[in-house]
Structures are given as structure tokens and as C-alpha cells.
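Peer 1: Curious how this folds, go ahead:
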Amino acid sequence: MANEIWYSEIESTIFTDLQYMLVEKTDAPFPELNCTTSSKSESLENVSDFPNLYVHLLPLVELGNDLENQTVNGVRATVELQVYSDQSEDECRKIMTACIQEMKKLRFNVPMFPDPQTAAEKKYFAIGRFSRVIGAGDTAIVPQD
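Peer 2: Reported below is the predicted structural model:
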């Protein structure tokens, strides 16, 4: 049976997966990428380490209530990924493309593909949102006991 507070672990599970696949894995495509869940990285002005990936889980929406309504059976999870670069829009695009591939492996939808943009001189960013329904017994996201 899944952990009763399984939904509180969604952001850390996604963060850990992205950090491993993009940064830590032996053949990782972006070993220099700084990954964070710190809200200090929520805006370009606060980012000091480039390139940077900020992973943020937006507020969850409960789904799949049963008649007793005693447990959380499912949620709609929306994850926002923000990529910041001091090199180019192309670097943002490459990092975000790798993020999209990893999020698709976790069965997330991409409602709107990110469009890299220039914020200021030598400051570039791309923001993407990913969404899916996650159930309490979902083995792709929820750690099992």
C-alpha cells in the first residue's frame, strides 16, 4: 500500500529524477547544470549559477474521492520547470528538450512547449509546465512501501 502522505513526495521525486538523469548520471548531458527547488531561483534576477534548472510543483488538485473521503486517492500535479542560461537561447532549448524527454518518461503531458527567450543582455530563460494525474498507487512517481 502506498504511503498515506505520498503526495508530499512528488516534487522531491521529480527533482531527484531530473537531477540524476541530467547532471549526475555517468553520461549525463549537462553535468554543469545547477538544479534547485529553492524559490530563490524563481526569478532570473536571483540566479547566480548558470545554467540553472528550477523545479517547482504548483499546488495540487485532489481527484478520485471515494465515498468515505478519508484518504487522498489521486491528484492533478502540475510541475513548472524554469531554465536559465547566461550563454544562449539555444542552451536553454537544449536543456529544456532534455527535461521534456525526462518528464515524458514520467508520463507527464506538455500542455504548451517552452519558448526560450532573452530577458536581458546575456540572460536567457525558458519556462515549461508539465501536468498529469497521479494516483496513490502510481509506481512511476509514488515510492512504494
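Peer 1: low-scoring pLDDT stretches of this protein, where are they?
Peer 2: Low-confidence segments of the chain (pLDDT under 70): 1-4, 40-45, 141-145.
Peer 1: where do the strands sit along it?
Peer 2: Secondary structure of the chain by DSSP state E: the strands cover 34-36, 52-57, 61-63, 74-85, 109-112, 117-120, 123-135.
Peer 1: Residue 122 reaches residue 85, doesn't it?
Peer 2: No: Residue 122 is beyond contact range of residue 85, at 9.0 Å (criterion: Cβ atoms under 8 Å). Heads up, the C-betas are built off the backbone N, CA and C, glycines and all.
Peer 1: And those two? Which one has more around it.
Peer 2: More crowded of residue 122 and residue 85, by other Cβ atoms under 10 Å: residue 85, with 24 against 11.
Peer 1: Roughly how far does the residue nearest in space to the middle of the chain sit from residue 16?
Peer 2: Closest to where the C-alpha atoms of the chain average out (Cα atoms, centre = their mean) is residue 55, at 4.4 Å. From residue 55 across to residue 16, the span is 10 Å (Cβ to Cβ, to the nearest Å).
Peer 1: coming back round to it: which residues touch the residue nearest to the centre of the chain?
Peer 2: 11, 14, 15, 18, 35, 36, 37, 79, 80, 81 (Cβ atoms under 8 Å, 6 or more residues apart in numbering).
Peer 1: How many residues are close by the fifth one?
Peer 2: Other residues near residue 35 come to 20 when the count uses other Cβ under 10 Å.
Peer 1: wait, doesn't it sit right on residue 20?
Peer 2: No: using Cβ under 8 Å, residue 35 is not in contact with residue 20, being 9.6 Å away.
Peer 1: quick one: which of the strands of the chain is nearest residue 103?
Peer 2: Of all those, strand 123-135 sits nearest to residue 103, with 4.6 Å by Cβ to Cβ.
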